[in-house]
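Chemist: Here's a sequence, model it:
(one chain, ligands or ions: 1)
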Amino acid sequence: MQVRGAPAIAIVGCLSLAVEIFPETYESKKTLRQEIEGKLNYLVSARPTAVNMKIAADELISLANELTKDESVNVEEMKQKFLDITEAMLQKDISDNKAIGANGAKAVLESAAKDGPVRVLTHCNTGSLATAGYGTALGVVRKLHELKKLEHVYCTETRPYNQGARLTAYELVHDKLPATLVLDSMVAALLRAKNVAAVVVGADRVAANGDTANKIGTYQIAVVAKHHGVPFFVAAPLTSIDLQIPSGDHIIIEERPDREMTHVGEHRIAAPGINCWNPAFDVTPASLITGIITERGVFKPQQLKEEISALLDL
Ligand SMILES: CSC[C@H]1O[C@H](OP(=O)(O)O)[C@H](O)[C@@H]1O
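Modeler: All right, here's what the predicted structure looks like:
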């Protein structure tokens, strides 16, 4: 978790591999390809819930195979092409996030019951500290602010790793956005009392039917949003959408160390000896999701597979 956030994991993982292989000398392109494939497969295993690293690894392994077969490319040129592609990923993620921000701000404003600036709630961290920059759900918040249509943003602390309290709150204060930190346990009271117009969260993996894996706590926020009639949006680049799996039942949920729950830093807060269950993510069923905001548009979960397949000519 030194690097976290689905898009950031993919980009930093691939760039760090490029940095590692670039100064090295390889006797052949086959040796270089084997090094690339081995290291990428290891990186994919590190955080199994998010799909971004897997998609990036598949693309880069496919590139390495093509370059290995291309007799017009030598091993040094193969290394440079690998570096170029990974650097392009970083730039594309930022431009995708700007598009997600614009598409999402439009969708939130259209879904709001009244005109004028809106209040939104977000969960975990989906900003510049989880991506190459600007952010996904937090990109929507930033765009609303740029449009002078953000009255207030609420961010949950996001126990136990506190991505909201530590990272999202930092980004919101840094950007001088009107923001308030709330406890994860406050969401129902917040939606009941504070006239929140929409919830916008990120995603680690969106299945073909629109079921979405995201930070633990997202599912219960979606249930509370449904109860209060508040639109619930997932913001994610196409690199977070996995059309290879039919539903959220097929998404691996990473379980993390008990210590994240029992301690704050070095200070123990839970009784010694208590059992813990610490899934890092949960799956929100498509039925609770109003729309999936991507850089190519906003899709209803029920139409996701058909519309994304058409976009990508699958
Ligand atoms: C745009 S980041 C998506 C996703 O990543 C976070 O998980 P983690 O902090 O464990 O990497 C969280 O689930 C975000 O919603």
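Chemist: Validate this expectation: Ala225 resides in a strand.
Modeler: No - if the criterion is DSSP: H, G, I helix; E, B strand; the rest coil, then Ala225 is helix and not within a strand.
Chemist: In contact with it: list those residues for me.
Modeler: 191, 199, 231-232, 288 (Cβ atoms under 8 Å, 6 or more residues apart in numbering). Placement of C-beta: from N, CA and C, glycine included.
Chemist: In a strand, Ile293, correct?
Modeler: Yes - using three-state DSSP, the secondary structure at Ile293 is a strand.
Chemist: if we can go back for a sec, now, the contacts of Ala225 that are in strands?
Modeler: Judged by DSSP state E, the subset of those located in strands is 199, 232.
Chemist: what two of the contacts of Ala225 are the furthest from one another?
Modeler: Pairwise distances across the contacts of Ala225 (Cβ to Cβ) peak at 13.5 Å, for the pair Leu191 and Leu288.
Chemist: just the contacts of Ala225 now: which is nearest Ser240?
Modeler: Using Cβ to Cβ, the contacts of Ala225 come closest to Ser240 at Phe232, 16.5 Å.
Chemist: Identify the bridge partners of His263.
Modeler: Beta-bridge partners recorded for His263 (DSSP bridges): Arg268.
Chemist: so it sits right up against Ile269, yeah?
Modeler: Yes - the pair His263 / Ile269 is scored as a contact, 6.6 Å apart, by Cβ atoms under 8 Å.
Chemist: more neighbours, these two?
Modeler: The neighbour comparison of His263 against Ile269 (other Cβ atoms under 10 Å) goes to His263, with 14 against 10.
Chemist: Verify the contact between Val230 and Asn195 for me.
Modeler: No - at 9.5 Å, Val230 does not count as touching Asn195 under the criterion of Cβ under 8 Å.
Chemist: How about the residues of the stretch 201-314 of the chain by the ligand?
Modeler: 202-204, 214-215, 280 (Cβ under 6 Å from any ligand atom).
Chemist: Local confidence estimate at Asp93?
Modeler: At Asp93, the model reports a pLDDT of 96.
Chemist: cool, the one 3 residues further on as well?
Modeler: At Asp96, the predicted lDDT confidence score is 98.
Chemist: Run a quick neighbour tally on it.
Modeler: Asp96, neighbours per other Cβ under 10 Å, totals 23.
Chemist: show me where the protein has helices.
Modeler: Along the chain, counting by DSSP state H, helices occupy 6-21, 29-46, 52-69, 75-111, 137-146, 163, 169-174, 187-193, 218-228, 259-262, 304-311.
Chemist: picking up where we left off before, out of Val230 and Asn195, which sits in the more crowded spot?
Modeler: A direct count of neighbours by other Cβ under 10 Å for Val230 and Asn195 places Val230 higher, at 22 against 14.
Chemist: ok, back up a step: so can I have JSON lines of the helices of the chain showing distance to Thr122?
Modeler: Output for these, formatted as JSON lines (distance: least, Cβ to Cβ, whole Å):
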{"stretch": "helix 6-21", "distance to Thr122": "15"}
{"stretch": "helix 29-46", "distance to Thr122": "25"}
{"stretch": "helix 52-69", "distance to Thr122": "19"}
{"stretch": "helix 75-111", "distance to Thr122": "11"}
{"stretch": "helix 137-146", "distance to Thr122": "5"}
{"stretch": "helix 163", "distance to Thr122": "11"}
{"stretch": "helix 169-174", "distance to Thr122": "9"}
{"stretch": "helix 187-193", "distance to Thr122": "11"}
{"stretch": "helix 218-228", "distance to Thr122": "9"}
{"stretch": "helix 259-262", "distance to Thr122": "21"}
{"stretch": "helix 304-311", "distance to Thr122": "21"}
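Chemist: Tell me the one among the contacts of Ala225 nearest to the ligand.
Modeler: Val199 (12.4 Å; Cβ to the nearest ligand atom).
Chemist: got the contact list for the nearest residue to Asp282 once chain neighbours are set aside?
Modeler: Sequence neighbours aside, Tyr219 is the residue nearest to Asp282 in space, at 4.2 Å (criterion: Cβ to Cβ, 6 or more residues apart in numbering). Counting by Cβ under 8 Å, 6+ apart, Tyr219 touches 282-285, 288.
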